[in-house]
Structures are given as C-alpha cells and as structure tokens.
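Enquirer: Kindly return the folded structure for what I paste below:
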Amino acid sequence: MFTGLVEGLGRVVLSRSVEGRRRLGIEPPFPADGLSRGESVAVDGVCLTVVEHDAAHFEADVIAETLTVTTLGDLRPGMQVNVERSLRVGDRVGGHWVQGHVDGVGRLARRDSGGGEDRLRVEIPAELERYVARKGSIALQGVSLTVAAVGPGWFEVALIPETLERTTLGTAGQGDRLNLEVDLFARYLERMLESDRPPTDGAPGAGES
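Expert: Next up, the predicted model:
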C-alpha cells in the first residue's frame, strides 16, 4: 500500500525483455541498499517487487498484463520515473490509499499554467469515468491528487510547484500517456451497491431456494 506522496524522481538504467516479461532497473532517489528483496516499490504508480538490488539501483520484473494496462512498456534507459516505497506500520497517510494497481491509461489533453499552479486536463477511459468525482482523489503517475473538475471523458487536476518539481508531471506534455488509479473506496462502494441489487436473471438470491 502507498500514499501517492512520491519520494522523488528515479532514473531508468535498464529495460530489457526476458521470456515474455520486461526487466526494469531503476536508480531511485534514495540509497537502494536500504531496500530488501521482495519489497514493494511504486514506479510511476505501478507496484513492483524488488528482485535484485545493489547500492545504486534495484531491478523488478514486469509481466505482460502489467505492460498491457500501464505505461511501463514505454520506459527506456535515461527516462525519469516517480518512485515511492510502500507504507510501514505507523507511517502517516498524507495523500490517500493507493494500491499501485493501475486501472488504465489516460492521455494529457491540455496544460494551462498561471497563478502559481499548472492545471492538467486528462482524457480518461470511458469505463473509469464513474469512479471520478470533483473533490475526490485520484492517482496520476502514482501522484495523489484531488480532482478539480470533471466533464464528459475528462477530469482536471491542479498541481502546486512542489509537485511540479518533485514528479514527472512537471514535464509531462500534451499527448503523453499517464497511469491512472481511481479511488479505492469508490470501487468498494460500487461493489457494495451491486451486492444490494436484486438478481435480474431470475436466479434466486442469497439465502433463497
């Protein structure tokens, strides 16, 4: 579990195909020798497992399914990525609960700067629209953000200078693909509402015979 408070920018040092998956090597913004094998680290919002590390970098495997639903397949050596280590017991949750399970990929449609902030409009896949609400939470490239506005097929977020400086969102350009993770509680709420609906196919409900 993560909070969406990115620790800093990492750098891709390795990206190669290995038996249908991709091996990524990341130089994080903290000493990599402090990591443990099997530990979870979010890279651009995607939860990855450390399989190898030394003092300078760590490596993780990305399976085909993850490559299909995220932007990690686009990464090449030299590119910057957002990095966050997983929560420890007792840590403060300064952002919101982020699983690192990306729901889909959006596209940066517009960027407006002014008044000490940058405002990004992101086009969102139709199947995710119902989970996004004004003033709700969303993770964009692993960054915990508050939704400032919503419209048909899009939402907007406002970025403060700190976020622009510490994450890759500061340099994202129009047309860039961005990893999206919707609010965890919105998904649970939908599931609970679905379970309260009566069956529609004529089948008996729970406890009926």
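
Enquirer: distance between stretch 137-150 and the chain's centre?
Expert: Remark: stretch 137-150 is offset 10 Å from the chain centroid, using CA atoms, centre = their mean, to the nearest Å.

Enquirer: Residue 54 contacts residue 31, correct?
Expert: No - applying CB atoms under 8 Å, one finds residue 54 not in contact with residue 31, separated by 10.2 Å. C-beta here means a position set from N, CA and C on the backbone, and glycine is covered the same way.

Enquirer: check which helix or strand covers residue 193.
Expert: Assessed by DSSP states H and E, residue 193 sits inside helix 184-196.

Enquirer: now that helix: mean pLDDT?
Expert: Averaged across helix 184-196, pLDDT comes to 69.

Enquirer: and what of stretch 66-78?
Expert: Mean predicted confidence for stretch 66-78 is 96.

Enquirer: Equivalent analysis for stretch 105-122, please.
Expert: Stretch 105-122 comes out at a mean pLDDT of 95.

Enquirer: could you dump that stretch to CSV, C-alpha only?
Expert: Output in CSV follows, covering the C-alpha atoms of stretch 105-122 (Å, rounded to 0.1, in the frame of the first residue of the first chain):
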residue,chain,number,x,y,z
VAL,A,105,-4.0,4.8,-19.0
GLY,A,106,-5.2,8.4,-19.6
ARG,A,107,-3.9,11.0,-22.1
LEU,A,108,-2.8,14.5,-21.2
ALA,A,109,-5.1,16.7,-23.4
ARG,A,110,-4.3,20.2,-22.2
ARG,A,111,-1.9,22.0,-19.8
ASP,A,112,-2.5,25.5,-18.6
SER,A,113,-0.1,27.5,-16.4
GLY,A,114,-0.7,30.5,-14.2
GLY,A,115,-1.4,31.8,-10.8
GLY,A,116,1.3,29.6,-9.2
GLU,A,117,-0.1,26.3,-10.5
ASP,A,118,-0.4,24.1,-13.5
ARG,A,119,-3.8,22.7,-14.5
LEU,A,120,-3.9,19.4,-16.4
ARG,A,121,-6.8,18.1,-18.3
VAL,A,122,-6.6,14.3,-18.7
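
Enquirer: buried stuff in that stretch?
Expert: 105-106, 108-109, 117-122 (16 or more other CB atoms under 10 Å).

Enquirer: Give me the contact list for it.
Expert: By CB atoms under 8 Å, 6 or more residues apart in numbering, the surrounding residues in contact with stretch 105-122 are 69-71, 123-125, 140, 148, 154-161, 164, 169-170, 172-180.

Enquirer: So residue 162 lies in a helix, does it not?
Expert: Yes - counting by DSSP: H, G, I helix; E, B strand; the rest coil, one finds residue 162 located in a helix.
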